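In: What would the 3D arrangement of this be:
(one chain, ligands or ions: 2)
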Amino acid sequence: MAGTGVFEEIIEGDVFKYYTDGEWKKSASGKSVAIINPTTRTTQYKVQACTQEEVNKVMESSKIAQKHWAKTPLWKRAELLHKAAAILKEHKAPIAECLVKEIAKPAKDTVTEVVRSGDLISYCAEEGVRILGEGKFLVSDSFPGNERTKYCLTSKIPLGVVLAIPPFNYPVNLAVSKIGPALIAGNSLVLKPPTQGAVACLHMVQCFNLAGFPKGLISCVTGKGSEIGDFLTMHPGVNCISFTGGDTGISISKKAGMVPLQMELGGKDACIVLEDADLDLVAANIIKGGFSYSGQRCTAVKVVLVMESVADALVEKVNAKVAKLKVGPPEEDCDITPVVSESSANFIEGLAKDAKTKGATFCQEYKREGNLIWPLLLDNVRPDMRIAWEEPFGPIVPVIRINSIEEGIHHCNASNFGLQGCVFTKDINKAILISDAMETGTVQINSAPARGPDHFPFQGLKDSGIGSQGITNSINMMTKIKSTVINLPTPSYTMG
Ligand SMILES: NC(=O)C1=CN([C@@H]2O[C@H](COP(=O)(O)OP(=O)(O)OC[C@H]3O[C@@H](n4cnc5c(N)ncnc54)[C@H](OP(=O)(O)O)[C@@H]3O)[C@@H](O)[C@H]2O)C=CC1
Ligand SMILES: O=C(O)[C@H](O)COP(=O)(O)O
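Out: Ligands and ions are numbered 1, 2, ... in the order given. Below you'll find the model as predicted:
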């Protein structure tokens, strides 16, 4: 159970503590932030509302701890990460339980998230040992006008303090996808968890604490993003920001100082379906891609662009599968569970109403109880409808019928987002041409968009992000190159 056993020290009374300097502490603010269970719509947990003064102290300890950590041998950093991964996996049950209560993720998927996170941490340790153990050796005579008088040695050095801000939908996995790379690369890390998902994150942080990381190296400050977010992201002690979330990321990018940014933001992933596609495969992928975790994934299929000639057949197949989706509470492992908040449900409802007014075909009756919205396929969606462009982050999938591949590509590229997309066809040559034409960070051929496996590069174009994630890219992003040049008094050539 949450806050018991090895997690007992992270809670006092009914409020979870924040983590700094290797200790669990109560905020001097005396205030707490409530975490509302999306299913019951009542307060499930409370976390500390940290103050700016506490954030300042966290940054100070983080800076000091980083200096020592950077001098810790790489193999020792890796050893500790492996230990944290094992502890996390050992305690998957209480962490998964928090995810069910805080973000209404179906129970079996919460366990998968925690296990995947443990694997991610271990992979970071292994990848870090490999890629950080290597540098470059350059010689000067390859550049015109130079003799071989200079030897340049390069290595990857840490950035300092990394600020990690994950979103609600994968609070644990998207936190460790920042923590693992940051730590193996010799940085310290300050985590600001999403409010919904904060308690799962605090449990995850306790696993790092139990693994024995030096004090101050990892900190976790809680509070509403709208209240302490700007203070954190604009803090002079921060040397790198790794953020995953919505448009908030765009404003952070504008306000942040001269620090490297890794931004993974929203998406409107298109699924282009050609006439020769295997429609059973497409239907299965629209269900998985569009409706898993009730569509609350940045990589969810958010618009289907299907050739008119096969549209009826595809819609019929998808509808047959939608009818089989189990709708209800996350505890019962339902496919469709309540969306994260009432405001999110209201937003999704607004998109459905707009589509109704403008004449979309509702393949199912629109139904909502509290935050629970029944899965809905909208056929005959047209570009003048909001759902054609906006991301619902909910269980609603629009279908736009197209008459040419160009029309599909045009719709995809007219979006301000450019995260992922997918194309279904048996013609690999066409698939490659379409993939090249789609302005997105990744295109999946014959499968729904997905971030994983976690070592694959993951990046968004346009408003979908800055930089690239994935274990290797994140480790590289959280380092800088340092060069040392040896200047020889006379040219020297190796004779072999
Ligand atoms: N590309 C990707 O990899 C992903 C993108 N997303 C996108 O994220 C959105 C949904 O996630 P959601 O969590 O609601 O996104 P938000 O952008 O609302 O929140 C993301 C994180 O930012 C924090 N935050 C809020 N305001 C500020 C601020 N001013 N300064 C700093 N941090 C702040 C939040 O804290 P708090 O919760 O306390 O407000 C949360 O931890 C969707 O648009 C989705 O597409 C989601 C997952 C992955
Ligand atoms: O947060 C998200 O929505 C993701 O980064 C998507 O991850 P997934 O494709 O593995 O579900």
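
In: In the stretch 301-450 of the chain, mark out all the strands, start to finish.
Out: Ranges of strands in the stretch 301-450 of the chain, per DSSP state E, counting those that start in this stretch, are 301-307, 361-362, 368-369, 372-373, 376-379, 396-402, 417-418, 420-424, 442-445.

In: for the fourth one, what is the average pLDDT?
Out: Within the predicted structure, the mean pLDDT of strand 372-373 is 98.

In: for it, packing partners?
Out: Counting contacts by 3 or more CB pairs under 8 Å, 6 or more residues apart in numbering; DSSP states H and E, strand 372-373 is packed against helix 342-357. Every residue, glycine included, has its C-beta placed from N, CA and C.

In: Now do the buried residues in the helix it packs on.
Out: 344-345, 347-349, 351-352, 355 (16 or more other CB atoms under 10 Å).

In: got the strands of the stretch 301-450 of the chain as TSV, with distance to Ile35 and mean neighbour count columns?
Out: As requested, the strands of the stretch 301-450 of the chain are exported to TSV (distance: least, CB to CB, whole Å; neighbours: other CB atoms under 10 Å):
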stretch	distance to Ile35	mean neighbour count
strand 301-307	27	27
strand 361-362	34	14
strand 368-369	21	14
strand 372-373	18	24
strand 376-379	28	25
strand 396-402	25	24
strand 417-418	29	25
strand 420-424	30	29
strand 442-445	32	20
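
In: Those: which one's closest to Ile10?
Out: strand 372-373 (30.3 Å; CB to CB).

In: Write out the residues of the stretch 201-350 of the chain neighbouring ligand 2.
Out: Within the stretch 201-350 of the chain, the residues that sit near ligand 2 (CB under 6 Å from any ligand atom) are 297-299.

In: and which of those is nearest to ligand 1?
Out: Using CB to the nearest ligand atom, Cys298 is the member of those that lies nearest ligand 1, at 3.0 Å.

In: Is that closest one in contact with Gly267, as I believe?
Out: Yes - the criterion here is CB atoms under 8 Å, and Cys298 meets it with Gly267 at 4.8 Å.

In: just to revisit the earlier point, which of the residues of the stretch 201-350 of the chain next to ligand 2 has the most neighbours?
Out: Neighbour counts for those peak at Cys298, which has 29 neighbours (criterion: other CB atoms under 10 Å).

In: What pLDDT does the model give it?
Out: Taking Cys298 on its own, its pLDDT is 97.

In: Need the phi and psi values for it.
Out: phi -60, psi -30 (degrees, to the nearest 10).

In: Distance check, it against Phe137.
Out: 40 Å (CB to CB, to the nearest Å).

In: and the residue in the stretch 1-150 of the chain that ligand 1 sits nearest to, what element?
Out: Going by CB to the nearest ligand atom, ligand 1 is nearest to Val33 of the stretch 1-150 of the chain, at 7.6 Å. Secondary-structure assignment from DSSP states H and E places Val33 in strand 32-36.

In: what comes into contact with that strand?
Out: The contact list for strand 32-36 (CB atoms under 8 Å, 6 or more residues apart in numbering) reads 15, 42-49, 102, 195-196, 198-199, 222-224, 341.

In: got the angle between it and helix 342-357?
Out: 40 degrees (axes from the mean of the first three to the mean of the last three CA atoms, to 10 degrees).

In: Go through strand 32-36 and flag the buried ones.
Out: 32-33, 35-36.

In: partners of that strand, with directions?
Out: Using DSSP bridges, strand 32-36 pairs in its sheet with strand 43-48 (antiparallel).

In: Go through the helix or strand just after the partner strand and flag the buried ones.
Out: Next along the chain after strand 43-48, taking DSSP H and E as the criterion, comes helix 52-69. Using 16+ other CB under 10 Å as the test for burial, helix 52-69 gives 54-55, 57-59, 61-66, 69.

In: elements contacting the top helix by length along the chain?
Out: Counting by DSSP state H, the longest helix found in the chain is helix 107-132. Applying 3+ CB pairs under 8 Å, 6+ apart, one finds that helix 107-132 contacts helix 74-90, helix 92-103, helix 171-184, helix 471-477.

In: Stretch 232-239: end-to-end distance?
Out: 11 Å (CA to CA, to the nearest Å).

In: So which residues make contact with that stretch?
Out: 55-56, 59-60, 62-63, 159-163, 165, 187, 190, 192, 221, 241, 243, 252, 255-257, 259-260.

In: can you do 6 Å?
Out: 59, 63, 159-161, 163, 192, 241, 252, 255-256, 259 (CB atoms under 6 Å, 6 or more residues apart in numbering).

In: what residues are up against Met438?
Out: Going by CB under 6 Å, 6+ apart, the list of residues near Met438 reads 412, 421.

In: Below-threshold pLDDT in the stretch 201-350 of the chain: ranges please.
Out: Across the stretch 201-350 of the chain, nothing is flagged by pLDDT under 70.

In: From Lys156, how far off is the residue nearest to the spatial centre of the chain?
Out: For the chain, the residue nearest the mean C-alpha position is Leu174 (4.4 Å; CA atoms, centre = their mean). Separation of Leu174 from Lys156 (CB to CB): 23 Å.

In: close enough to count as contact, Asp463 and Leu419?
Out: No - with contact defined as CB atoms under 6 Å, Asp463 and Leu419 do not form a contacting pair (9.2 Å).

In: In terms of neighbours, single out the busier of the two.
Out: Taking other CB under 10 Å, Asp463 and Leu419 do not tie; Leu419 has more neighbours (30 against 19).

In: how close does that one get to Leu74?
Out: For Leu419, the distance to Leu74 - CB to CB - is 33 Å.

In: hmm, back to that, so which of the contacts of stretch 232-239 are in strands?
Out: 161, 163, 241 (DSSP state E).
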